[in-house]
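J.: Fold the stuff below for me.
(2 chains)
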Amino acid sequence: MTGANGLTIAAAREALRRREISAVDLTMACLTAMDAADRLNAFVHTTPEIALAQARAADQRLAAGDAPALCGIPLGIKDLFCTRGVPSQAGSHILRGFRPEYESTVTRRLFDAGAVMLGKLNMDEFAMGSSNETSCYGPAVNPWRRGNDDAALTPGGSSGGSAAAVVADLCLGALGTDTGGSIRQPAAFTGITGLKPTYGRVSRWGIVAFASSLDQAGPMTRSVRDAAILLGGMAGHDPNDSTSADLPVPDFEAALTGDIRGRTIGIPREYRMDGMPAEIEALWADGAAMLRDAGATITEISLPHTRYALPAYYVIAPAEASSNLARYDGVRYGHRAALASGDGITEMYEKTRAEGFGREVRRRVMIGTYVLSAGFYDAYYNRARKVRALVRRDFDLAFAAGVDAILTPATPTTAFPLGQMADADPVAMYLNDVFTVTVNLAGLPAIAVPARLDATGLPMALQLIGRPWDEGALLNHAHVLERAAGFVAKPGKWW
Amino acid sequence: MAIDIETARKVAKLARIRVEAEDLPALARELSGILSFMEQLNEVDVADVAPMVSVTPMRLPWRADVVTDGGIQAEILANAPDAREGFFAVPKVVE
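T.: Now for the predicted structure:
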């Protein structure tokens, strides 16, 4: 029997408006579930006092008939978002003790709409990782297991805490961010829906920056409709983010007509990778058949620069990170190393950053520093930006030829055991992003939709990629896929 | 292109991240591995391709050059590891 914490946002919205449940009761159900889920390590800072105060205020608005869609909906917030007075560490030791004096635009919008914050969610340090294992809090754990095997699996990354919390019914929805796949890969690993909006749709102001030309926040939810509702609460122009688009925010939920007759779905041949598991290959073909059965035309397309997206990403993202993370200097906020007598300011910077950053973050900052350094800037950084332009052009040509959406697998594998990649080459971990990273380079919207369980009982997902600024149509395609796939499985509770 | 120990030392210095001398060989190997993965980019013909500046063709907005914020010294210093008399405090910089 699922409690109120297991409701979708859409169902909770109706129950709240009909006064069948109060926001306080709904919030208490989530707080109780969170208390019993320490083993998942999903929430890393809980804010029950804030949550209950927001819930009481939401109940007053509901009683007064002033209830926006998200009024009274309990959400989990990725630790990357700055939330006023609440620890916001980006999963890093270097921000230990940091309590922002301001609120990110996205969380402010959601709170203004009556949403309830339950706490902050685990993530890879500075969103750099695909398994949640680079987190300073230790990894979040995937609620799913392989059959009767009790080995702990990764919920994916970097938004692993968000994914685990949503599928374990600790919150009704969660905020994630996606720089190379950090919403879609964990959504795929946990059997939930994860949407990365078009670059510029959601303000980045107040979100700890990783790679500013790629970062985009988005919803992680239990249904496509919920993703549409939550995106509507997050999106919109923000003068504080100069890359935020001054475009009207459409009613995304109204786009969910379920009718995709006459639409054209592209199947990119370059996503058929050597060594792709047969189950994922079969799922991809079945997904195409589901969309065809719904009246869409399926056509093979070519995105010829796909294989160069990952190396281009791993030049551009670390380059931007090395610049963004220069601000962690032990002066204005966060950790400062204890200094020896005679240490000057350079020693302070170097010791602070060596102690405060984890291994993967140090590695990426140094790679970024190298590719931006004199003599290598053209060979690496500028070349990668040229390849990025070609990746975008591939998509532009496909859309210009009449493709409405592109269907691909979401991830090359299902969730893998925590620790499995501990001794692997860093590049092996980067390969997790192979199907998702093209979308960030091209600034497009894309969504991971859970489709079925594999032979070991783990969720598998498909990805749909949409035209820029057309999240509505993308969500509608995803809605059709969701209905056809009929994925309803939930992990058995062991935590 | 492989990164030698001397280059690794230089990169760590530029990044202002302390790396102990005994850790430099492993760092050099790791960075070399990642860079060799990036060498694939050399296969792409990028002649006549302009480097991407903005993923969405857009003109960055201008704003009026006016004060929008201020008078929040306490908030700005609230998270500092060391703040004194209204300033951030750091080790002596000027000899």
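J.: for chain B, which helix is longest?
T.: Criterion DSSP state H: the longest helix present in chain B is helix B:24-38.
J.: Please enumerate the helices of the stretch 51-200 of chain A.
T.: Using DSSP state H, counting those that start in this stretch, the helices of the stretch 51-200 of chain A run over A:105-112, A:160-167, A:184-190.
J.: Would you mind listing the buried residues in the second one?
T.: Which is helix A:160-167. Buried residues in helix A:160-167, counting neighbours by 16 or more other CB atoms under 10 Å in any protein chain shown, are found at A:160-167. From N, CA and C alone the C-beta is placed, and that goes for glycine too.
J.: got it, and the first one?
T.: Along helix A:105-112, the positions that meet the burial threshold by neighbour count (16+ other CB under 10 Å) are A:105-111.
J.: what packs against the lowest-mean-pLDDT helix or strand in chain B?
T.: Lowest on mean pLDDT, DSSP states H and E among the helices and strands of chain B sits helix B:24-38, with a mean of 94. Secondary-structure packing of helix B:24-38 (3 or more CB pairs under 8 Å, 6 or more residues apart in numbering or on different chains; DSSP states H and E): helix A:309-324, helix A:359-372, helix A:426-430, helix B:5-14.
J.: Make JSON lines out of the helices of the stretch 51-200 of chain A and add mean pLDDT and distance to A:G258.
T.: Listed next are the helices of the stretch 51-200 of chain A as JSON lines, based on pLDDT from 0 to 100; distance: least, CB to CB, whole Å:
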{"stretch": "helix A:105-112", "mean pLDDT": "98", "distance to A:G258": "27"}
{"stretch": "helix A:160-167", "mean pLDDT": "98", "distance to A:G258": "23"}
{"stretch": "helix A:184-190", "mean pLDDT": "98", "distance to A:G258": "21"}
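J.: I'd like to know which of those helices is closest to A:P250.
T.: Smallest distance to A:P250 across the helices of the stretch 51-200 of chain A (CB to CB): 16.0 Å, for helix A:105-112.
J.: Just the CA coordinates for the closest one, please, in PDB.
T.: Extracted in PDB, the C-alpha atoms of helix A:105-112 (Å, rounded to 0.1, in the frame of the first residue of the first chain):
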ATOM      1  CA  THR A 105      16.100  31.600  -9.000                       C
ATOM      2  CA  VAL A 106      14.700  28.100  -9.600                       C
ATOM      3  CA  THR A 107      14.100  27.400  -5.900                       C
ATOM      4  CA  ARG A 108      12.700  30.900  -5.300                       C
ATOM      5  CA  ARG A 109      10.200  30.400  -8.200                       C
ATOM      6  CA  LEU A 110       9.100  27.000  -6.800                       C
ATOM      7  CA  PHE A 111       8.800  28.300  -3.300                       C
ATOM      8  CA  ASP A 112       6.800  31.300  -4.500                       C
END
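J.: Check what contacts it and list those residues.
T.: For helix A:105-112, the external contacting residues (CB atoms under 8 Å, 6 or more residues apart in numbering or on different chains) are A:54, A:70, A:75, A:77, A:81-83, A:103, A:117, A:175, A:202-203, A:205-207, A:217, A:233-234, A:236, A:238, A:240-241.
J.: again, but for stretch A:364-379
T.: By CB under 8 Å, 6+ apart, the surrounding residues in contact with stretch A:364-379 are A:128, A:314-315, A:317-323, A:325, A:353, A:357, A:380-381, A:384, B:3, B:7-8, B:11-12, B:14-15, B:17, B:27, B:31, B:34-35, B:38.
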